[in-house]
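> Here's my sequence, what's the structure:
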Amino acid sequence: MEPEINVGIVSGSELRLVLHHVYHCASTGIHAEGPQTFSLTPGGKIAWLGIEHDVVDLQPTARDCTFDVADVTIGVNFHWERRETQKFTGAAKIIVEGDKITLVNHLPLEDYLMSVISSEMSATANEEFLKAHAVISRSWIMAQILNRDEKGMSTPSCHATDHEIIRWYDREDHANFDVCADDHCQRYQGITRQTTPTVRTAVEATRGLVLTDENGAVCDARFSKCCGGVFEEFENCWEPVHHSYLTVRHDDDDEQAYPDLRIEENARKWILSRPEAYCNTDDGDILGQVLNNYDLETRDFYRWHVEYTQQELAALIKERSKIDFGGIVSLEALERGTSGRIVRLRITGTKHTMVIGKELEIRRTLSPSHLYSSAFVVEAGQPDADGLPGRFTLLGAGWGHGVGLCQIGAAVMSAKGRKFDEILFHYFPGATLSHAY
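Here you go, the predicted model:
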């Protein structure tokens, strides 16, 4: 039986929705249509139509009911962050979460997937690529729901002392819905993005199809924009659990032709070169399949660089970490994962030294938004008047965590004529295709 899911869309002290056609609130018996405003009262209730409510649950009365939400932030804390108005189908539930009210969209899983694969990439992408993404997006959301039901909320995601903080970011933030609508989980922008017949065909052709592991469990099928040439392993980005299907491989025809990028010398050589890989492409037609309009603003994803002056880097790290390191003496990779992504980074300053990880914590500490990835090497400039490096250059590889499917690599594979199952088994070795419903 097809599951139904709850997606957290937006939170704030006030929410404005425009209801197209009639919605019914079962708890109050109210029928509503048109512009609606919901605000948080000082007493922690939801004010709507002059009445205080604990929850407002708006159910569509017809199949063609939709609602618009203004000022939805997409790409939260990433370099493409912006606001837009989005349109949704399904039910709208407004709940109180702490000091905010939150809008939750309730809808069938397959309808959710129609939006996800149109939001994560272009709806005009190659059909085999879209089929592959429909399977992994379906697998991922089902794995999250099943894991939550079996284990409750996930394990603690932070280990901290005075001189080390190892943190990873997963779905434990979400207690009142299954997933959020942004890059933290999967991009879901309702029916805002155009859904094409190809998207519909891809979802319908793979209906209920998921990846399963050697024990028959639904795979926690992760994906990122660009692995940088070699896949990362799950445990180097999130909780210390190994998944056999999320393992190291070269993103190329010769899947085993890669160096051990956990070794610093190998990682430096790899990152400073441009090895052959599916995701090493500047083909505009292929990139247009993966990258939506705001993603296309990023073109230097396979190999990239960022430069900071001493003053810029010291101020940035202080702002992002809330720790005054003083002048920055060095940035040193202590541990790398299988893709060359840094898992543990030592920041040495004139006032403080600390080890940070995992990859997303590193990315957010060393950028006003997020670095493209934590697969980078550091080149320090000539000493300044204080004897500290006057400039730091970060030379990096890939975009995102690099675990599981590499979206740009998968798009290249589909352009080469590979079928969706070939794509999936390249990125999830040892996995099996099974019908969940």
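> Excluding chain neighbours, what is closest to residue 14?
Of all residues not flanking residue 14 in the chain, residue 39 sits nearest, at 4.5 Å (Cβ to Cβ, 6 or more residues apart in numbering). No exception for glycine: its C-beta is placed from N, CA and C like everyone else's.
> Tell me the bridge partners for that neighbour.
Residue 39 has the following beta-bridge partners by DSSP bridges: residue 14, residue 47.
> Nearest residue to the middle of the protein?
The centre of the chain sits closest to residue 183, judged by Cα atoms, centre = their mean, with a distance of 3.4 Å.
> Please list all residues in contact with residue 333.
Listed by Cβ atoms under 8 Å, 6 or more residues apart in numbering, the contact partners of residue 333 are 264, 267, 342, 344, 345, 377, 378.
> with those in mind, which one is nearest to residue 330?
Nearest to residue 330 out of those is residue 378 (Cβ to Cβ; 7.7 Å).
> Regarding the residue nearest to the centre of the chain, what is its secondary structure?
At residue 183 the chain is in coil, as set by DSSP: H, G, I helix; E, B strand; the rest coil.
> In the stretch 201-350 of the chain, where is pLDDT below threshold?
292-299 (pLDDT under 70).
> would you list every one of the strands in it?
Assigned by DSSP state E, counting those that start in this stretch, the stretch 201-350 of the chain shows strands spanning 209-212, 223-224, 303-309, 328-336, 342-349.
> Just the buried ones from the contacts of residue 333?
267, 342, 344, 345, 377, 378 (16 or more other Cβ atoms under 10 Å).
> quick one: contacts for the nearest residue to the fourth one once chain neighbours are set aside?
Read that as residue 345. Among residues not flanking residue 345 along the chain, residue 362 sits closest, at 5.1 Å (Cβ to Cβ, 6+ apart). Residue 362 is in contact with 342, 345, 356, 371, 374, counting by Cβ under 8 Å, 6+ apart.
> and if you look at residue 3?
Counting by Cβ under 8 Å, 6+ apart, residue 3 has contacts 108, 109, 142, 145, 437.
> For it, give me the pLDDT.
Looking at residue 3, its pLDDT is 93.
> Which of the helices or strands spans the residue located most distally from the centre of the chain?
Computed with Cα atoms, centre = their mean, the maximum C-alpha offset from the centroid of the chain is found at residue 385, amounting to 41.6 Å. Remark: residue 385 resides in no helix or strand, with elements defined by DSSP states H and E.
> How much space separates it from residue 328?
15 Å (Cβ to Cβ, to the nearest Å).
> just residue 384 next, same as before
11 Å.
> Please apply the same query to residue 179.
From residue 179 across to residue 328, the span is 37 Å (Cβ to Cβ).
> Likewise for residue 200?
In terms of Cβ to Cβ, residue 200 sits 52 Å off from residue 328.
> Compare neighbour counts for those two and give me the winner.
Higher neighbour count among residue 200 and residue 328: residue 328, with 24 against 14, using other Cβ atoms under 10 Å.
> you'd agree the more buried one is up against residue 348?
Yes. Counting by Cβ atoms under 8 Å, residue 328 touches residue 348, with 7.5 Å between them.
> Now do residue 434 against residue 252, distance only.
28 Å.
> Give me the more crowded residue out of those two.
More crowded of residue 434 and residue 252, by other Cβ under 10 Å: residue 252, with 20 against 14.
> quick one: which of the strands of the stretch 201-350 of the chain is nearest residue 281?
Nearest of the strands of the stretch 201-350 of the chain (Cβ to Cβ): strand 303-309, 12.1 Å.
> Give me the sheet partners of that closest one and which way each runs.
Sheet pairing for strand 303-309, assigned by DSSP bridges, gives strand 391-397 (antiparallel).
> From residue 10, how far out is the spatially closest residue to residue 255 that is not a sequence neighbour?
Nearest in space to residue 255, with sequence neighbours left out and distances taken as Cβ to Cβ, 6+ apart, is residue 249 at 4.7 Å. Distance of residue 249 to residue 10, computed by Cβ to Cβ: 38 Å.
> what does residue 346 give?
38 Å.
> ok, the two, which is more surrounded?
Counted by other Cβ under 10 Å, residue 346 and residue 10 do not tie: residue 10 has more neighbours, with 21 against 18.
> Whichever strand or helix holds the more buried one pairs with which strands, parallel or anti?
Assessed by DSSP H and E, residue 10 sits inside strand 4-12. Strand 4-12 has its sheet partners listed here by DSSP bridges as strand 100-108 (antiparallel), strand 179-180 (parallel).
> Between these, which one is closest to residue 420.
Between residue 420 and the strands paired with strand 4-12, the shortest separation by Cβ to Cβ is 21.9 Å, and it involves strand 100-108.
> Going by neighbour count, list what's buried in that closest one.
Going by neighbour count (16+ other Cβ under 10 Å), the buried part of strand 100-108 is 101, 102, 103, 104, 105, 106, 107.
> List the contacts of the second one.
The neighbourhood of residue 102, defined by Cβ under 8 Å, 6+ apart, consists of 8, 9, 10, 11, 94, 95, 96, 176, 177.
> Need the max-distance pair from these.
Greatest spatial distance among the contacts of residue 102 (Cβ to Cβ): 9 and 96, at 15.1 Å.
> phi, psi of the spatially closest residue to residue 397 that is not a sequence neighbour?
Distance criterion Cβ to Cβ, 6+ apart; nearest residue to residue 397, sequence neighbours excluded, is residue 228 at 3.5 Å. Per-residue torsions, residue 228: phi 90, psi 0 (degrees, to the nearest 10).
> Neighbours of residue 228, how many?
With other Cβ under 10 Å as criterion, residue 228 counts 35.
> That one is in contact with residue 279, isn't it?
Yes. Using Cβ under 8 Å, residue 228 makes contact with residue 279 at a distance of 7.1 Å.
> who touches both of these two?
Between them, residue 228 and residue 279 share the contacting residues 302, 398, judged by Cβ under 8 Å, 6+ apart.
> can you dump the C-alpha coordinates of the strand or helix carrying residue 16 into CSV?
Element membership for residue 16 (DSSP H and E) is strand 14-25. The C-alpha coordinates for strand 14-25 follow below in CSV (Å, rounded to 0.1, in the frame of the first residue of the first chain):
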residue,chain,number,x,y,z
GLU,A,14,3.1,34.2,10.7
LEU,A,15,2.1,32.1,7.7
ARG,A,16,0.2,33.4,4.7
LEU,A,17,-1.5,30.9,2.4
VAL,A,18,-3.7,31.3,-0.7
LEU,A,19,-6.2,28.5,-1.0
HIS,A,20,-7.4,27.7,-4.5
HIS,A,21,-10.9,26.1,-4.2
VAL,A,22,-12.4,25.0,-0.9
TYR,A,23,-10.6,23.4,2.0
HIS,A,24,-12.3,21.9,5.1
CYS,A,25,-11.0,22.2,8.6
